[in-house]
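Undergrad: Below is the sequence, then the predicted model.
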Amino acid sequence: MFQKLQRDSAVVRVIDASPYANLRSYCGQLPTLLAATGTPGPEALRQIFTLDAELPPYEPGRLDLVTRGADPVLGGLPTVAASARAALDDDTSDLVARLADAVTGLPHEAGTARRPGAEPNALADLAERYAWLHGAAACVHLWWANRDRPLYGGEPGATGWLRAVLAYVLARAEGTDPRRHGPHLLPALDVLAALREQDELFTAVPVRLAATSQEAADAHA
């Protein structure tokens, strides 16, 4: 049985779930995701990103593998970005502005990639770019919705982790080497080192790791 599972698992990535196959499936949904259907209301974004917001009732019947509407994360970014930039340091504000410009240009890029005669892999490349920008936008929303609380072990409103994430993710979205933005990335190392020193998970709301048996014995000694 083990050998069968090992054999099957070796080909699943190639046949069913390779990164490129996922991107090809994903790119077919870009027109719906990028549809201009208006900006989501602040209450909707607050419910998504505020960490202590009450969750809506779980409705498993609404789960689907195909999108049914525009992406609220990207749709709500321009408004949030305009407000957030006033509260951010210059470097992070510039990165948010770059992100907002990139998000605004996605519908045009999608239209170009879908024109007859376009490069065959253009849509798949755009789907990958879209995924990176979506992740970056989610981080901006997370910071903005929770700027009054500590995230990743920092002080409330701290921007070091956000600057590092945006510099890295934007570089990946643009197809450039993130190491070109080394100074912006350094705060991420400080965050991770501090969480590790405190025996906490690398999460937005740090979770204390269980002590090892030896540590527990030492604590009671």
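TA: It's in.
Undergrad: Using CSV, write down the CA coordinates of the helix ranked longest in the chain.
TA: When the chain is parsed with DSSP state H, its longest helix is helix 122-145. Taking Å, rounded to 0.1, in the frame of the first residue of the first chain, the C-alpha atoms of helix 122-145 are listed here in CSV:
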residue,chain,number,x,y,z
ALA,A,122,0.5,35.6,-21.5
LEU,A,123,-2.6,34.8,-19.6
ALA,A,124,-0.9,32.2,-17.4
ASP,A,125,1.9,34.8,-16.7
LEU,A,126,-0.8,37.3,-15.8
ALA,A,127,-2.5,34.9,-13.5
GLU,A,128,0.7,34.4,-11.6
ARG,A,129,1.2,38.2,-11.4
TYR,A,130,-2.4,38.6,-10.3
ALA,A,131,-1.8,36.1,-7.4
TRP,A,132,1.3,38.0,-6.2
LEU,A,133,-0.6,41.3,-6.3
HIS,A,134,-3.6,39.8,-4.5
GLY,A,135,-1.3,38.6,-1.7
ALA,A,136,0.3,42.1,-1.4
ALA,A,137,-3.1,43.8,-1.4
ALA,A,138,-4.3,41.4,1.4
CYS,A,139,-1.3,42.5,3.5
VAL,A,140,-2.2,46.2,3.1
HIS,A,141,-5.8,45.5,4.1
LEU,A,142,-4.6,43.5,7.1
TRP,A,143,-2.3,46.3,8.3
TRP,A,144,-5.0,49.0,7.8
ALA,A,145,-7.8,47.1,9.5
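Undergrad: Sort out which residues of stretch 80-95 are buried, please.
TA: Counting neighbours by 16 or more other Cβ atoms under 10 Å, one finds that the buried residues in stretch 80-95 are Val80, Ala81, Ala84, Arg85, Leu88, Thr92, Ser93, Leu95. No exception for glycine: its C-beta is placed from N, CA and C like everyone else's.
Undergrad: Check stretch 141-161 too.
TA: Buried residues in stretch 141-161, counted by 16+ other Cβ under 10 Å: 141-147, 151-154, 158-161.
Undergrad: what's the distance between the residue nearest the centre of the chain and Arg172?
TA: In the chain, the residue lying closest to the centroid (Cα atoms, centre = their mean) is Gly135, at 2.1 Å. Shown here: Gly135 relative to Arg172, a distance of 9 Å by Cβ to Cβ, to the nearest Å.
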